[in-house]
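Enquirer: Quick check, what structure comes out for this input:
(chains A, B and C)
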Amino acid sequence: MVPDVAVPPDHGPLHDVRESDEIGAGTRIWAFAHVMKGAVIGRDCNNRGPCLRRNRSAHRRPGHPKEPGNGVGRVEIGDDVFVGPGVSFTNDVSPRSRRLPLPAVAAGYRIEAEWLVPTRVGNGASLGARCVILPGAHIGAYAMVAAGAVVTHHVPAQALVAGVPAKRVGWVCQCGARLVEEQAKLWQCPQCGKTYDEHGADGCTSLAPSR
Amino acid sequence: MVPDVAVPPDHGPLHDVRESDEIGAGTRIWAFAHVMKGAVIGRDCNNRGPCLRRNRSAHRRPGHPKEPGNGVGRVEIGDDVFVGPGVSFTNDVSPRSRRLPLPAVAAGYRIEAEWLVPTRVGNGASLGARCVILPGAHIGAYAMVAAGAVVTHHVPAQALVAGVPAKRVGWVCQCGARLVEEQAKLWQCPQCGKTYDEHGADGCTSLAPSR
Amino acid sequence: MVPDVAVPPDHGPLHDVRESDEIGAGTRIWAFAHVMKGAVIGRDCNNRGPCLRRNRSAHRRPGHPKEPGNGVGRVEIGDDVFVGPGVSFTNDVSPRSRRLPLPAVAAGYRIEAEWLVPTRVGNGASLGARCVILPGAHIGAYAMVAAGAVVTHHVPAQALVAGVPAKRVGWVCQCGARLVEEQAKLWQCPQCGKTYDEHGADGCTSLAPSR
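Expert: Residues are numbered from 1 along each chain as shown, chains lettered A, B, ... in the order given. Below is the predicted model of the structure:
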């Protein structure tokens, strides 16, 4: 990716802090954003959030059995992602200021959920103002996180989630409008007419554009 | 309005971003606040929030049938308003990074709720730390939004709202204290003694100072 | 305390605002943090929150009968405290931009809860991303506040609290892992093995390390 960050022409002084070069062309970073080392941002994103976490490797504890490599404990943001003002990504489900040395037998305890799984935001997704994304969450393509939500689990593609903690309250179209269930397992956008098929059952459903 | 922003004497460097000249006399803008173009702020406000949205016209989609003019899709803050640290105003109920062109028939779909109604904050209202105000919400005079609340609907004058999404949990006096219902539909302030009459019924009530 | 703030070596420009000298050795203050006058921060803290409140005395109202001294209406942060990105401390339960003069009889009304009790954060505690701490709250040693929580009451030592408003959802170890109740009133850490005794009853319980 070429670091070619377009500054909005009417923007004024930025005062942002940018430590990553992996920012896609056409992406806008707004005032007071802090993009840390290891963050990866796609093309044509609109990023107003102040804090993108760095590669977790800088924080690893003594006695940690695995060496985190690239893509571990970091934030990967796809193309065309909207990141609202005040959005925070986090890199630790149980942060402590000072890491105590752990007995060797316990060193691998929390690895899976937190250390080996990067936080991912799919193409076209939107993260509303002041939402918080907990470590390791995967946010599906074109999902929409409501303002002020705290995302603690994965968010399926096209889902609209809201609340603390965030729960799914609907489905949204790629154009942003809320979908309406026209018939069983067939959802349609009242704004642009696009249709989606629902898959899965029992609260574990997902949506994909109809062919 | 005269742009006569008083910087608190003990403040230190500001590092704020200010793009609007429509800021009333006596209003204080704190560090890391971002006041965007099109924002209008009254007199004697105490503004610590980092993000006031700009005039929506800069974001309008292709094919949009109406030309938004002044007062459309913007934030209007009255006099004596308290805006706590980390407060965000938003300008889109369903934000997307890249706006897809819409079929002509659908172009007016979302206009009313989001595009034609400015966000308004009445005189004397208070917005608590890190609350989020969704687009088009009207916050009544002397209302109080609790810290961390997400305001998705209108807030009546003198109301105290809290939570995600914000719900009314009480009434507050102009002096800030919580009101007590002394007799049916008559509320009194235990701090300053002021009384208010309740109007309306069935969950759609409002308060006004007694004559 | 000696103001000896270690800037992370890979940090880049800070743009933070720091007005207090009472910051302990080894403490890291991150970008866009605003540490106001009167804030006291211990040693080895990791502080990414943007807003630590100042001594309340600067805000006191006309007619206030007591002169707040040191330690009144301020934030005191112990040693080894983690303060996540976007955390806000507040200094007023019912903020107003302009303070109305109150009748003399009412001047002491809100003093106790808000004016005389400093906000305290115990040693080793963690404040998650974008949480808000209301005035006067005491957060016990090694407690953990989840991301996005709004703390309105005291938090016992070792407690894990979450939500808006924050409620206790578990207990955590000094090492950060969630504790498991091995037998009645005896909790153990599955990560490091440390044990804790539960005291109290009927929803008013607390935890302390076993001897």
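Enquirer: What about A:Gly26, how many residues nearby?
Expert: 18 (other CB atoms under 10 Å in any protein chain shown). (Each C-beta comes from the backbone N, C-alpha and C, glycine too.)
Enquirer: how close does it get to chain C?
Expert: 23 Å (CB to the nearest CB, to the nearest Å).
Enquirer: give me the beta-bridge partners of the residue lying closest to A:Ser210 once chain neighbours are set aside?
Expert: In space, and not counting its chain neighbours, A:Ser210 is closest to A:Thr195: 4.2 Å by CB to CB, 6 or more residues apart in numbering or on different chains. On the basis of DSSP bridges, A:Thr195 is bridged to A:Gln188.
Enquirer: shouldn't A:Thr195 be in contact with A:Leu186?
Expert: Yes: checked against CB atoms under 8 Å, the pair A:Thr195 and A:Leu186 is within contact range at 6.3 Å.
Enquirer: Next secondary structure after the lowest-mean-pLDDT helix or strand in chain A?
Expert: Counting by mean pLDDT, DSSP states H and E, the weakest-scoring helix or strand in chain A turns out to be helix A:111-114, with a mean of 42. Per DSSP states H and E, the first helix or strand lying C-terminal to helix A:111-114 is strand A:119-121.
Enquirer: do that following strand and chain C meet at all?
Expert: No: using CB under 8 Å from any CB of the partner chain, strand A:119-121 stays clear of chain C, with a minimum separation of 12.5 Å.
Enquirer: pLDDT (mean, whole number) over the following helix or strand past that strand?
Expert: On the C-terminal side of strand A:119-121, the nearest following helix or strand under DSSP H and E is strand A:126-127. For strand A:126-127, the mean per-residue pLDDT is 94.
Enquirer: The helix or strand hosting A:Ala208 pairs with which strands, parallel or anti?
Expert: If you go by DSSP H and E, A:Ala208 is part of strand A:204-209. When pairing is defined by DSSP bridges, strand A:204-209 lines up against strand A:195-201 (antiparallel).
Enquirer: And for the residue nearest to A:Ser210, the neighbour number?
Expert: Count around A:Thr195 with other CB under 10 Å applied: 14.
Enquirer: Please tell me I have it right and A:Ile41 contacts A:Thr27.
Expert: Yes: proximity of A:Ile41 to A:Thr27 meets the contact threshold set by CB under 8 Å, at 5.6 Å.
Enquirer: mind showing which ranges of chain A have poor pLDDT?
Expert: Residues of chain A that meet the criterion pLDDT under 70 lie in A:1-21, A:28-39, A:46-73, A:98-117.
Enquirer: cutoff 50 now
Expert: When residues are selected by pLDDT under 50, those of chain A lie in A:1-16, A:49-72, A:104-115.
Enquirer: picking up where we left off before, ok, now which ones touch the residue nearest to A:Ser210?
Expert: With contacts defined as CB atoms under 8 Å, 6 or more residues apart in numbering or on different chains, the neighbours of A:Thr195 are A:182, A:186-189, A:209-210.
Enquirer: Serialize the residues you listed to CSV and add fields for neighbour count.
Expert: Conversion of the contacts of A:Thr195 to CSV gives the following (neighbours: other CB atoms under 10 Å in any protein chain shown):
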residue, neighbour count
A:Glu182, 13
A:Leu186, 14
A:Trp187, 23
A:Gln188, 17
A:Cys189, 23
A:Pro209, 15
A:Ser210, 11
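Enquirer: Out of those residues, which is nearest to chain C?
Expert: Taking CB to the nearest CB as the measure, chain C sits nearest to A:Trp187 out of these, at 29.1 Å.
Enquirer: nearest residue to the closest one other than its sequence neighbours?
Expert: Nearest residue to A:Trp187, sequence neighbours excluded (CB to CB, 6+ apart): A:Leu179, at 4.1 Å.
Enquirer: so that neighbour makes contact with A:Cys192?
Expert: No: using CB under 8 Å, A:Leu179 is not in contact with A:Cys192; the gap is 10.5 Å.
Enquirer: picking that back up, check the contacts of A:Thr195 and tell me the two furthest apart.
Expert: Farthest apart among these by CB to CB are A:Glu182 and A:Pro209. That separation is 14.3 Å.
Enquirer: who touches both of A:Leu179 and A:Cys192?
Expert: Common neighbours of A:Leu179 and A:Cys192 (CB under 8 Å, 6+ apart) are A:Cys173.
Enquirer: Between these two, which is the more surrounded one?
Expert: A:Leu179 (22 against 19).
Enquirer: How about residues contacting the strand holding A:Ala208?
Expert: Strand A:204-209 is contacted by residues A:140, A:156-159, A:171, A:174, A:179, A:187, A:194-200 when judged by CB under 8 Å, 6+ apart.
Enquirer: try 7 Å this time
Expert: Surrounding strand A:204-209, the residues in contact under the criterion CB atoms under 7 Å, 6 or more residues apart in numbering or on different chains are A:156-158, A:171, A:187, A:194, A:196-200.
Enquirer: likewise stretch A:162-181?
Expert: Contacts for stretch A:162-181 (CB under 7 Å, 6+ apart): A:124, A:142, A:144-146, A:149-152, A:158-161, A:187-192, A:194, A:196, A:207, B:94, B:96, B:100, B:102, B:109-110, B:164, C:148, C:163-164.
Enquirer: Just the buried residues of these.
Expert: Buried members of the contacts of stretch A:162-181, scored by 16 or more other CB atoms under 10 Å in any protein chain shown, are A:124, A:142, A:144-146, A:149-152, A:158-161, A:187-189, A:191-192, A:194, A:196, A:207, B:94, B:96, B:100, B:102, B:109-110, B:164, C:148, C:163-164.
Enquirer: How about stretch A:80-88 and chain B, touching?
Expert: Yes: residues of stretch A:80-88 contacting chain B under CB under 7 Å from any CB of the partner chain: A:80-82, A:84-86.
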